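Novice: Need a 3D model of the following:
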Amino acid sequence: WLNPIFIIGHKRKLEEDDMYKVLPEDSSEKLGEELQWYWDKEVQKAKKRGKMPHLTKAIILCYWKSYLVFGIFTMIEETLKTIQPIFLGKIINYFENYDPSDEIALNFAYCYTAALSVCTLILAIMHHLYFYHVQRTGMKLRVAMCHMIYRKALRLSNVAMAKTTTGQIVNLLSNDVNKFDQVTIFLHFLWAGPIQAVAITVLLWMEIGPSCLAGMAVLIILLPVQTCIGRLFSSLRSKTAALTDVRIRTMNEVISGMRIIKMYAWEKPFAELVNGLRRKEIAMIMKSSYLRGLNLASFFVASKITVFMTFMAYVLLGNVISASRVFVAVSLYGAVRLTVTLFFPAAVERVSEAVVSIRRIKNFLILDEVSHFKPQLHGNNENVILHVQDLTCYWDKNLESPALQQVSFTVRRGELLAVIGPVGAGKSSLLSAVLGELPKDKGLINVTGRIAYVSQQPWVFSGTVRSNILFDKEYEKEKYEKVLKVCALKKDLELLADGDLTVIGDRGATLSGGQKARVNLARAVYQDADIYLLDDPLSAVDAEVGRHLFEKCICQALHQKISVLVTHQLQYLRAANQILILKDGKMVGKGTYSEFVRSGIDFASLLKKDEEVEQPSVPGTPSLKSARSRTFSESSVWSQDSSVHSQKDGAVEQQPAENALAAVPEESRSEGKITFKVYRKYFTAGANYFVIFILIVFNFLAQVAYVLQDWWLSYWAYNQEKLNVTTNGNNGANETEHLDLNFYLGIYAGLTVAAILFGIIRSLLVFQVLVNSGQTLHNKMFQSILRAPVLFFDRNPIGKILNRFSKDIGHLDDLLPLTFLDFVQTLLQIFGVVAVAVAVIPWILIPLIPLFILFIFLRRYFLDTSRDIKRLESTTRSPVFSHLSSSLQGLWTIRALKAEERFQKLFDAHQDLHS
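Specialist: Numbers count the residues shown, from 1 in each chain. The predicted structure follows:
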């Protein structure tokens, strides 16, 4: 079923449309809802017991049945690996005791050869079947977890927002959830490893007696050592994740506030800040990389140490080495080597990482959610649809004085309430209390009807102007035209190339601040709500447009509605039915304009401080003093200019999720092969040519020592056999003469030590060079971002840039060094095996050459498609982050318009495309 896509990929560049649709059972919504159900049950149980809920329990209950079945695959595979050396030993034994006249032995030899071939064939099938299914399980878990994280992000209360940041949530979605892809691969080896070790020990005992205990002792000692390394790695991973959170959060703020940074020429201090954070992160990554290097080196040399210890004990106990014993013992150790020295420690390491990630995700999922009160009527008077009485609210009761204190007012249908006061008076807090975003401490809030909210900092998402205004409502031409007219958008849209079907950028970059503010207002008006909460929408426009918006929109179009207008524009107060004056969260005055004028209040002096414009900490949400807890990051004044989204065109006519996916220009990606220049830049970013030359030398030395150790053992066995034959021939008696033990054992010990040393140095050097490379490339990319013109940030969504600095840099730090070392070790081992085989039997070259040509063709055929799929995977991941970032910035608008479900569906659509 993969062949059609491979054929297309071989002929041309793959596009999104070429990909298969995600299977219904693998869809983000289905997987997320399933795991959410188990998590909700676990939370309820934990509440009853008065304990903390365990996310691990929910994951196990959700996936244990299907995952348990894959354990059977592991068992079959490891059993076959254990049986193979026995068949091999029987075949070698036949040749050792070769008797041309013994036909029974010959038939048995044929049977053993057939059995060995069948085992190899079944192993190839089982191995890939197992890895496919466990990786799919990992993908399911990752997708489900992303769904839950986004769902939670849409429900976070303002107090909870103080405990997390956009950067941290992006890190959860980019780095933490990826640990599930890896942990599912190796988890079964936690039980398979020890069982296989016991089985191999029994078989070795039967073959070479107590000598096997020396070799198995090495493996047994390695297990606790690797477990300790795993625990240490887990500790370092926690520290690294925290530092990565801080770096990504800072990057998010720097990118969001790039206009301000460039205006004030602050590039240098911000470069020092980010580079300082990156240096701390790299210091931790380097420590954990060295541990990884030791783990991989232990895999490389473990089999050498075990074989050395075994045969040293064997010959010291007075036994004679023979070819069949050497081959069987080495093959048995080879069978257990992968499981005990690579898969088992990898399982310990991945489980340690996954535990840290699960703990971080759990801490996020148990944060407080916003509590929406249900609208209700106050008394019997149905005209009263917004009534607030003696309202007292706190953003955080433990840290500060009330945001609002003893505030009371009643607004009836068709009335306009103007709210004024100096900066930090609590005007925006009042709107947030009506929205249900600010938790109520005392008093009453009675609301009847649907609410529309216009944020002080305009929020637009990526899509057409029309889809931003409709916001998933049905398109009604007459109503739509009227809204454009009252919001003074008609002339602006005539100037745009495609009118209201113009795609406005991820940051609304093609529109000015005033245009964005009017689109924001038009969206609210089109919703045809009952109550309009307007947070200073007139401050972003000039006086003439402001007057038009106030007269035509607020006074005429919304004259049958309740309107609460926060404003600094004193000239409009005369038209308000009521005026509410706030100072330090307290209501210092309430009445009509004429009542205030009669009482001699000077509005101008009251609002003197208002020449400073209130800047919200989070776009799409009202402003707050920096100490308050609604910000997504500690110093997010920089994010004031961002309104990020890569949601596809969400509301064109009727079908939001489907139509949207073509509305935003897709992220560009490379084509064709990865050139040598890319590899050269990657390696030289980490070290100079001399260090790279030293690295190559150590790689070859390690492999030469590795091969020579095996060769020396077989050479020793061969000489011993030759000596035995000569002795028996001369004496005519069956006697055994020993070779010079000191000479053969001394050389063998020297080669073993060389393999260990070169193996460890190689691993540590590879990690040193490649982690340095990640550091250099990060710094170069960041410098390029700082030097880029503002136009670059208008055209490139934050999600796309953050994707480079989070997921892609994460790959450079963790995945690439590990993969490269694995690749080098495997490649050199293959060359070593081929070289030894050709040296012994040159005829092997005859089938080897066509096989090599076939392999080169298959590799090219595979890479043509896999490269494009990997690139597509990378580019379709950016919209996931963009959608999250944008949703967080427009969170209050989304919640006010009850659009959470729609945004969740769009997130799931992005995830499905990525899957």
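Novice: helix/strand/coil for I601?
Specialist: Secondary structure state of I601, per DSSP: H, G, I helix; E, B strand; the rest coil, is coil.
Novice: Report the contact partners of the residue nearest to it when sequence neighbours are not counted.
Specialist: Once flanking residues are discounted, I601 sits nearest to G589: 6.8 Å by C-beta to C-beta, 6 or more residues apart in numbering. C-beta: built from backbone N, CA, C; applies to glycine. By C-beta atoms under 8 Å, 6 or more residues apart in numbering, the residues touching G589 are 579-581, 596, 601.
Novice: Just among these, which is most surrounded?
Specialist: Most neighbours among the contacts of G589, by other C-beta atoms under 10 Å: L580, with 24 neighbours.
Novice: Confirm that that one sits in a strand.
Specialist: Yes. L580 forms part of a strand when assessed by three-state DSSP.
Novice: My read is that it contacts I420, right?
Specialist: Yes. Assessed by C-beta atoms under 8 Å, L580 is found in contact with I420 at 7.5 Å.
Novice: Now do the shared contacts for those two.
Specialist: Contacts common to L580 and I420, judged by C-beta under 8 Å, 6+ apart, are absent.
Novice: Looks like S211 contacts I321 (just checking).
Specialist: No. Contact between S211 and I321 fails when scored by C-beta under 8 Å: they sit 10.8 Å apart.
Novice: Which residues are in contact with each of the two?
Specialist: Residues within reach of S211 and of I321 at once, by C-beta under 8 Å, 6+ apart, are 311, 314.
Novice: Quick one: end-to-end distance for stretch 803-821.
Specialist: Chord length of stretch 803-821, first to last residue, is 25 Å (C-alpha to C-alpha, to the nearest Å).
Novice: just to revisit the earlier point, report the buried residues of the helix or strand hosting the residue nearest to I601.
Specialist: For G589, the host element (DSSP states H and E) is strand 586-591. Buried residues in strand 586-591, defined by neighbour count with 16 or more other C-beta atoms under 10 Å: 587, 589-590.
Novice: starting at the chain centroid, how far to it?
Specialist: 49 Å (C-alpha atoms, centre = their mean, to the nearest Å).
Novice: Format the contacts of G589 as TSV; extra columns: pLDDT and distance to T166.
Specialist: Converted to TSV, these look like this (pLDDT from 0 to 100; distance: C-beta to C-beta, whole Å):
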residue	pLDDT	distance to T166
I579	87	37
L580	87	33
I581	86	35
F596	78	42
I601	73	42
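Novice: out of those residues, which one sits closest to F700?
Specialist: Nearest to F700, judged by C-beta to C-beta, of those is L580 at 80.1 Å.
Novice: so what's the closest one up against?
Specialist: 407, 409, 417-420, 430, 587, 589-590.
Novice: Just send those back as JSON lines, with pLDDT and distance to I220 too.
Specialist: As requested, the contacts of L580 are exported to JSON lines (pLDDT from 0 to 100; distance: C-beta to C-beta, whole Å):
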{"residue": "V407", "pLDDT": "85", "distance to I220": "71"}
{"residue": "F409", "pLDDT": "86", "distance to I220": "76"}
{"residue": "L417", "pLDDT": "89", "distance to I220": "77"}
{"residue": "A418", "pLDDT": "89", "distance to I220": "79"}
{"residue": "V419", "pLDDT": "89", "distance to I220": "74"}
{"residue": "I420", "pLDDT": "86", "distance to I220": "77"}
{"residue": "L430", "pLDDT": "86", "distance to I220": "69"}
{"residue": "M587", "pLDDT": "83", "distance to I220": "75"}
{"residue": "G589", "pLDDT": "82", "distance to I220": "81"}
{"residue": "K590", "pLDDT": "85", "distance to I220": "80"}
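Novice: Most neighbours among those residues, which one is it?
Specialist: L430 (30 neighbours).
Novice: what's the helix or strand for that one?
Specialist: Secondary structure (DSSP H and E) places L430 in helix 427-435.
Novice: Please write out the alpha-carbon positions of that helix in CSV.
Specialist: Extracted in CSV, the C-alpha atoms of helix 427-435 (Å, rounded to 0.1, in the frame of the first residue of the first chain):
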residue,chain,number,x,y,z
LYS,A,427,-11.6,49.3,33.7
SER,A,428,-10.4,46.2,31.8
SER,A,429,-10.8,44.1,34.9
LEU,A,430,-14.4,45.1,35.1
LEU,A,431,-15.0,43.7,31.5
SER,A,432,-13.1,40.6,32.4
ALA,A,433,-15.3,40.0,35.4
VAL,A,434,-18.4,40.3,33.3
LEU,A,435,-16.8,37.8,30.8
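Novice: and the next helix or strand after it, what does it pack onto?
Specialist: Downstream of helix 427-435, the next assigned helix or strand under DSSP H and E is strand 440-447. The contact analysis (3 or more C-beta pairs under 8 Å, 6 or more residues apart in numbering; DSSP states H and E) places strand 440-447 against strand 384-393, strand 404-412, helix 427-435.
Novice: mean confidence for the helix or strand just after strand 440-447?
Specialist: With elements assigned by DSSP H and E, the helix or strand that comes after strand 440-447 is strand 451-454. The average pLDDT for strand 451-454 rounds to 87.
Novice: cool, stretch 904-915 as well?
Specialist: Per-residue pLDDT over stretch 904-915 has a mean of 80.
Novice: Could you list the buried residues of it?
Specialist: Buried residues in stretch 904-915 (16+ other C-beta under 10 Å): 904, 906-915.
Novice: buried ones in the helix holding L430?
Specialist: For helix 427-435, by 16+ other C-beta under 10 Å, it's 427-435.
Novice: if I look at F907, how far off is N175?
Specialist: The spacing between F907 and N175, counted by C-beta to C-beta, to the nearest Å, is 18 Å.
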